[in-house]
Structure formats: C-alpha cells, structure tokens
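**Q** What follows is a predicted structure for the sequence shown.
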Amino acid sequence: MDNSLKIFINYYDILKKVFFLGFVSVTLLFCILNIKTIFADENTDKTIFIAFDSYTLNDEEDFRTSREVIYQIANYYSLKDDTSVMLQSYGTTNGNPIKINKENIKISIDDYLSNVNSESDNLISNHYLAISDGFTQIAENVNVSNSEFYLISPLNINIDESSETKLNNLSELYSTSEIKLNIMALPSSLVNNRDFFSQISQKTKGYFIDFGTNKAYTYFIKLFLNDPILFVDTNLDSKPLSNFINVPPTVNKLRIGIYREDIETKVSLINPDGNELIENSDYNFWELDKIIFLDINKPQSGTWTIITNGSTGKYEIYTDTSNPLELKTFGDKIYPVNSEILLEVGAYFENSLMNISDAELQVRVRDFKGTETIQIMNDIGQKGDKVAFDGIYSAILASMSEQSVVDLEYTLQWKNLTTPVKHNDQIKIEYYPELNVTSISNAAGKVNQDFIIAKFQTSVNSYPFLVGIDEIDLITDKSKNYLEYRLDPVKIKDTHKSYEFNIIASSSTKIKEEISLQIIMNTTYLDQDHQTPSVNISVQLDTNFLYIFGLRYYYWLIIILAILILAIFMVNYFRRANIYGFMIDVENNVIVDFSEIKRNPIEKMIHPKRISFKNIKQLPYNGGYFEFFENEVYINVIFIEGDPSIRINSVPVTDRELISDGQWIGSSGKQVRFNKNIPYMKI
C-alpha cells in the first residue's frame, strides 16, 4: 500500500469521528429543545372554544346577547397566559376558526362577526358538527381536561332519535375527556330543546344558561367568580346609588361583576385613590352593554366606591375576593362542664402563621341561652396565650354549668376598614368522666399490713362510669420506696371494669408520717382522649406500734383487766358468806334482820362476811362490825368517838366477842341479843 492511500485512510478515520460527534451533538440539542417545547406546551394547553351559531343573526336580541356573551368569555379567559380563546361560527357547515387576539379583543371579535353570513330561516344549524369540530380543535392540546367548549345558539334543531343519539355520544366523549360542554341558550330557544341541551351539558359537568329567563345574566356572571357574594340586589330609581367595598391589605385577587338591566344606567368604579376606572387602563376592567367586570390581582387596599346613576331596571353587584389570610382554630372542640374554656385561633397568610399587627381579632360567643358576648383575643403571651406574636390568638371563656352547644364567630378586623375576615365554629360543653373521692381515712397498724386509706368513684353527671384499672394512675413519691400502693376495684358481674375503687397502702418499715398521692383518670370518652384533673390525697400512716403476740398492747391491757375482774368475781363467788339471823330485844321483837341489810358492793366484795355497824340504822353505834361464820357470829367493836359503850352480860366489849349463843348486848339502856331464827318459830 502506497503512502497516499495510508494518508487518505487516516484522514477518513478522523473525519468519520468528527462527523459522528457532530451528529450526536445535533441530536442532543434537538432533543433538549424539543423537550422544552413539550413542557412549554403543557403549560399553555388550555383552550376555550366558542361556537357561534350564525342563525343568531336572524334575531336582533339573540345577536346582541350572543355578542355580549362572547365579549365576556374572551375578555375573562384572555387574562390567563396559558389559555387561548378560539371563535368559530357555524350553521349548516362550520366556518373558519380564529384565535382571538388578546391585545385587541373587541376588534378581533367584531371583525370576525361582521364577516359571518346569516343562515336562511328554513335551514337548521348543524350543532353536532360544531360540537364535534370543537372537540377536534381542543384535542390538539397535550392535556385536554382543562379546556372548555361554549355553544352559543338559539338551539334551532328538530330533535329526533338519530340526532339525540349522536349528541348524547358526543357528550359522553366530552365527559370522558373531562371537557366541559357549556350551552348558552339564547332568548328565542324552544323549551323542549332547552331541556335536552341542559341534560347534555350536565353530563359533562358543564353549565347551561337560559337567556330567556330573568336570572340568566346573574347565573352567567357567576361563571367567572370563584366565590360570588351578592353585594347589591335592587331595582333602580331616580336616586343615585353609592356602594363601598372595603378591601383588606391581604387580599390578592378582587373581582367585581355588575349586571344592569337598563344599558343607559351609568356606573363608575373608583379606586381608593379616588381615580375612576376606564377601559384599556392598567386595570383588567371592561364595560359591556349589560355586564361590567373588574378583575385585579393584588388590588389596592382600602375603600373601592361604585357610583350608580339610573332610573329603572334590575341592578346587581357581585364581589369575589381571594384572601390568602384565613383563620383556623386549634385545640379541643368539646369541653367538660364547669371547666375553663381556652379558645385558640391561628391567622394564616399563604399557609403560614402570621401576627397581624394592625388588626384586632375578637370572638363573638353565643351560648345555649341565646346570650351573646364579645371578647378580644390576644397574641401577646397573656390570658392563655402560650407564645407572644406567633400568630395564634387566645382567649379564656368562663366555665359553663350546663351541657350545651356554643356558637363562635371569630372576626379579624382592621381599624380603618369595615371588611373583616371571619370564621365560624362551634364547641360543645359536655359532662365528662370525673373522679369523686368518697372517703379518706388515717391508718395505724403493723408493718406490711394493708390499709384502705381512700375510696373513690368514677362517674359522668352522677351516673356510674366503668373504667379499668389501667385507666387509673396513682402518682406517688418514688423516693419513699418502703411504701406500696395498689387499687382494689369493687367487682361488678360480667365485666373487668368498675366504678368504685379502694386505695390500699402498706409500709415495709415502721413509720409515723403523712403520706400523699395523686389520682388521675386517663380514658376515652366521646371518641377523644380525656384526662381528669389530679386529685390529691393525704393521710396519716402509723406503723410504729408495740405488738405482743400480734396484738397491740392496749388490747392486752383490756384483756388482762377483763381477766382480773372475772377472777375477782369468781373468787368472790366462792368466798361469798350466808348472812343470817336477827337481833331481838327483851320482848322478842325483831330489831334487825341481817339478811335485809344493804351493803356497798366493794365492801361486800372485800369483806363478804362482815356487816358494818354503820349499815345498821336500828343500832346506836357505828364503830365496829358483825362477822358471820357458818355456826358462829362475832361482834368486833372498834371504838369511835361519840359511840356509846357496848356491854355483853354487863361486861364492856373492846374487842372481838362471840354473840351466837344468845348473849345480851347492852348499850344506851337497851338490850338486844342475836338469834338465828325468828323467836316465834321456836316451839
């Protein structure tokens, strides 16, 4: 191989690599650009297709209404960057569609309509063809579900079975593709056709507006408002009308839709700076024959004024504001009877908590009696507010003593504006489970003995409420590990739960001190976790006592005393003596019956065989006693000053002497003697 051929081969390899790298680079660049185009299309793929029935040109009122409808639809949707508005006329055949120029909407529409030829009164518009062609145009988008179709027509059609079937099939196609089919029925529409097309639009979740009714424009304006609020609804007279709309600083979207029945009515919209709005200004504002519409992003806060001068006709104003500021409540919705009620509400701006420094938040409370109170909420860390300036406002309400439902209205109000942000809510006041301590007892005993120190019940509005032991918590001093506590439920048949409990305590060492514990019930009630306030219990526990054979010492003292008394009685029983005999005088009269003499029980116990002189009133002496034995009776004289002398057989007695043999005892001039039996019993 010669050198020239080798050089050519080397250059060929280099060129081949260069061309290959260039091809790859171009391919990658094309893919990147194509992907960007695809994603760009996905962001701008919404189509609003308006089908205008050329048969409308045959009726002046129908044409005026249809033009008003087209203007409103085009103006509204042209505000959206990702939306294109298509307009196409149709009759027996479809006209050429145009894309409405967003910069010159009115001119674009007027030019198109001026070139539409009217259909003969004898011909019928092909609604099926218009709806079908509209779907084809919309289907060119990557995502068709965001698009909508508007049919504006007097609905001149002879509905037979064939046409009904075809239109129903089309509505199914729209429905499965999630395209709304909206029907704008003009005033000259037939009643039967209105009903049929109303059903067609409903199948696609579209709207049907019947412009042959008085409320048609009201319903039509509401299509372009997310949350319409009727601000004015009146019949005009010769007096000018002024209305004021207060816009809070946090509103990011303001829409105002006005309907005037009389097109001669003059309406002026004035912003908070005092400037009147005009079409084609910096505001998205347009004025049609019967519709006046304003659509503003981030409107100027303050008072917007609407001045109306007219003499007749229906007049309505609708407002729609989008305020990213909203109020959300925190905390419980159900509160126990007679408990403190803490209300918390957060001010959220674009889903973030925010303290609104130039506004005031208040809550209007309407209780079960119909009484209303207003309370200012705070975000300064006081009166229940946990963290200052965190955007969560708090208020504490007084407790309520009855089961009820309480209506709440939270209002965030700016000082210089009358348009507040409101949020309605309700709370319930219910009887909740509670702990009721029925008894508390001090305890004393021995070590490791169980003592019932307290009893309690669980109830709801005085009715028993069954709970398990695991739902009751005893909070004790863990440092006193010598104390042990447990719950003893009162058993109820066929359940492991109870509503009566005993608290039992014991000590493993000798103590004499006050012990304390807390009881808390954690249970589920009304599908919510509920914890009762803690209940404190304090008792004296004394295990520092002397025990003998398992009994306290004072029990032994009682036992010993009882034994001693019993022993005395037994000894006395066996020592008891038979007191017998009589003291008789010289005439055998009974002076003393010893068996009837009353004696002191103690004296009787100590000296069962004695009768003291002082117990015998019939004898004149006191110092001494008579002593009785089985067959002998003695007198024992103990001299006491003042006693007369005592003689036996004329011999003074100073000691113990036997008298059972009938010796005469003399004293104070009287003589008596002892006789075992009554004298007349001797024969």
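**A** In hand now; what should we look at?
**Q** which phi and psi does the spatially most central residue of the chain have?
**A** The residue lying closest to the centre of the chain (C-alpha atoms, centre = their mean) is Lys333, at 2.1 Å. When read as degrees, to the nearest 10, the backbone of Lys333 gives phi -110, psi -10.
**Q** If you drop the residues flanking it in sequence, what lies closest to it?
**A** The spatial neighbour of Lys333 that comes closest, neighbours along the chain excluded (C-beta to C-beta, 6 or more residues apart in numbering), is Ile427 at 5.5 Å. Every C-beta, even on glycine, is put in place using the N, C-alpha and C of the backbone.
**Q** Identify the residues contacting the residue nearest to the centre of the chain.
**A** Each residue near Lys333 by C-beta atoms under 8 Å, 6 or more residues apart in numbering is listed here: Gln426, Ile427, Lys428.
**Q** repeat for Trp286
**A** Tyr71, Asn75, Glu279, Ile292, Phe293 are the contacts of Trp286 under C-beta under 8 Å, 6+ apart.
**Q** Just the ones of those residues in strands?
**A** Judged by DSSP state E, the subset of the contacts of Trp286 located in strands is Ile292, Phe293.
**Q** Buried only: go through the contacts of Trp286 for me.
**A** By neighbour count, with 16 or more other C-beta atoms under 10 Å, the contacts of Trp286 hold Tyr71, Asn75, Ile292, Phe293 as buried.
**Q** Test my guess that the last one contacts Leu79.
**A** No. In terms of C-beta atoms under 8 Å, Phe293 does not count as a neighbour of Leu79; the distance is 10.4 Å.
**Q** Now do the helices in the protein.
**A** 3-43, 60-77, 105-114, 127-138, 161-176, 191-203, 216-222, 553-575, 601-606 (DSSP state H).
**Q** Just list whatever residues bridge to Thr305.
**A** Counting by DSSP bridges, Thr305 forms beta bridges with Phe244, Ile270.
**Q** residues near it, how many?
**A** Using other C-beta atoms under 10 Å, Thr305 is surrounded by 16 other residues.
**Q** In contact with Phe63, which residues?
**A** Phe63 sits in contact with Thr56, Leu57, where contact means C-beta under 8 Å, 6+ apart.
**Q** swap the cut-off to 10 Å and go again
**A** Contacts for Phe63 (C-beta atoms under 10 Å, 6 or more residues apart in numbering) come out as Phe52, Ser54, Thr56, Leu57, Leu113, Ser118, Leu186.
**Q** and if you look at Ser268?
**A** Ser242, Glu276, Leu277, Ile278, Ile292, Thr305, Ile306, Ile307, Thr308, Asn309.
**Q** What's the ChimeraX syntax to select whichever of the residues you listed are buried?
**A** A single ChimeraX command suffices to select whichever of those are buried according to 16+ other C-beta under 10 Å:
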select :277,292,305,306,308
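**Q** which one of the contacts of Ser268 sits closest to Ile109?
**A** Distance to Ile109, by C-beta to C-beta, is smallest for Ile292 among the contacts of Ser268, at 17.8 Å.
**Q** And the pLDDT for Lys682?
**A** As predicted, Lys682 sits at a pLDDT of 48.
**Q** Report how many residues lie close to Glu430.
**A** 18.
**Q** for the one 4 residues further on, same thing?
**A** Close neighbours of Glu434, defined as other C-beta under 10 Å, add up to 21.
**Q** Hmm, Thr308 is touching Phe231, no?
**A** No. Using C-beta atoms under 10 Å, Thr308 is not in contact with Phe231; the gap is 11.9 Å.
**Q** per-domain residue ranges of the protein.
**A** 46-213, 229-318, 325-430, 434-545, 582-675 (the TED database).
**Q** the strands in the stretch 551-683 of the chain, which residues?
**A** Using DSSP state E, counting those that start in this stretch, the strands of the stretch 551-683 of the chain run over 551-552, 582-585, 590-593, 610-612, 624-628, 633-637, 647-648, 651-652, 656-658, 664-667, 670-675.
**Q** try the stretch 201-350 of the chain
**A** Under DSSP E, counting those that start in this stretch, the stretch 201-350 of the chain gives strands at 208-210, 229-235, 241-247, 253-260, 266-270, 284-287, 291-297, 302-309, 314-322, 325-330, 334-336, 341-349.
**Q** who touches the first one?
**A** With contacts defined as C-beta under 10 Å, 6+ apart, strand 208-210 is touched by 69, 150-152, 181-187, 189, 191, 194-195, 197-202, 215-220, 222-223.
**Q** List buried members of those residues by neighbour count.
**A** 69, 150-152, 181-186, 189, 194, 197-198, 200-201, 216-218, 220, 222-223.
**Q** Not counting sequence-adjacent ones, nearest residue to Gln375?
**A** Nearest non-adjacent residue to Gln375 (C-beta to C-beta, 6+ apart): Ala395, at 5.0 Å.
**Q** Run a quick neighbour tally on that neighbour.
**A** A count of neighbours around Ala395, defined by other C-beta under 10 Å, yields 22.
**Q** Quick check, it in contact with Gln362.
**A** Yes. Using C-beta under 10 Å, Ala395 is in contact with Gln362, at 8.5 Å.
**Q** now the stretch 401-550 of the chain, which segments are flagged as low pLDDT?
**A** Counting by pLDDT under 70, the ranges of the stretch 401-550 of the chain that qualify are 546-550.
**Q** ok, back up a step: now, which of the contacts of Ser268 sits nearest Pro464?
**A** The closest of these, once distances to Pro464 are taken by C-beta to C-beta, is Ile306, at 64.7 Å.
**Q** Run a quick neighbour tally on Pro489.
**A** Neighbour tally, Pro489, other C-beta under 10 Å: 17.
**Q** which ones are touching it?
**A** Pro489 neighbours (C-beta under 10 Å, 6+ apart): Leu466, Val467, Gly468, Ile469, Ile472, His496, Lys497, Ser498, Tyr499, Glu500, Phe501, Asn502.
**Q** what sits against the fourth one?
**A** With contact taken as C-beta under 10 Å, 6+ apart, Ile469 is in contact with Arg486, Leu487, Asp488, Pro489, His496, Lys497, Ser498, Phe501.
**Q** And the spatially closest residue to the first one that is not a sequence neighbour, how close does it get to Thr523?
**A** Nearest residue to Arg486 in three dimensions, chain neighbours excluded: Ile504, at 5.2 Å (C-beta to C-beta, 6+ apart). If you measure Ile504 against Thr523 using C-beta to C-beta, to the nearest Å, the figure is 22 Å.
**Q** Between those two, which has more neighbouring residues?
**A** Shown here are Ile504 and Thr523; by other C-beta under 10 Å, Thr523 has more neighbours (19 against 16).
**Q** so what's the residue lying closest to the more buried one once chain neighbours are set aside up against?
**A** Distances taken as C-beta to C-beta, 6+ apart place Glu471 nearest to Thr523, at 4.7 Å, with adjacent residues excluded. Taking C-beta under 10 Å, 6+ apart as the contact definition, Glu471 lies against Pro433, Thr458, Lys497, Ile520, Met521, Asn522, Thr523, Thr524, His530.
**Q** ok, now Glu344?
**A** With C-beta under 10 Å, 6+ apart, Glu344 has these contacts: 328-332, 377, 384-386, 392-395.
**Q** Pull out the buried members of those.
**A** Here, 16+ other C-beta under 10 Å leaves Thr329, Met377, Gly384, Asp385, Ile392, Tyr393, Ser394, Ala395 buried among those.
**Q** could I get these as JSON lines with distance to Glu350 and pLDDT?
**A** Formatted as JSON lines, the buried ones among the contacts of Glu344 follow (distance: C-beta to C-beta, whole Å; pLDDT from 0 to 100):
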{"residue": "Thr329", "distance to Glu350": "19", "pLDDT": "93"}
{"residue": "Met377", "distance to Glu350": "21", "pLDDT": "93"}
{"residue": "Gly384", "distance to Glu350": "27", "pLDDT": "86"}
{"residue": "Asp385", "distance to Glu350": "23", "pLDDT": "90"}
{"residue": "Ile392", "distance to Glu350": "17", "pLDDT": "93"}
{"residue": "Tyr393", "distance to Glu350": "18", "pLDDT": "94"}
{"residue": "Ser394", "distance to Glu350": "22", "pLDDT": "94"}
{"residue": "Ala395", "distance to Glu350": "25", "pLDDT": "94"}
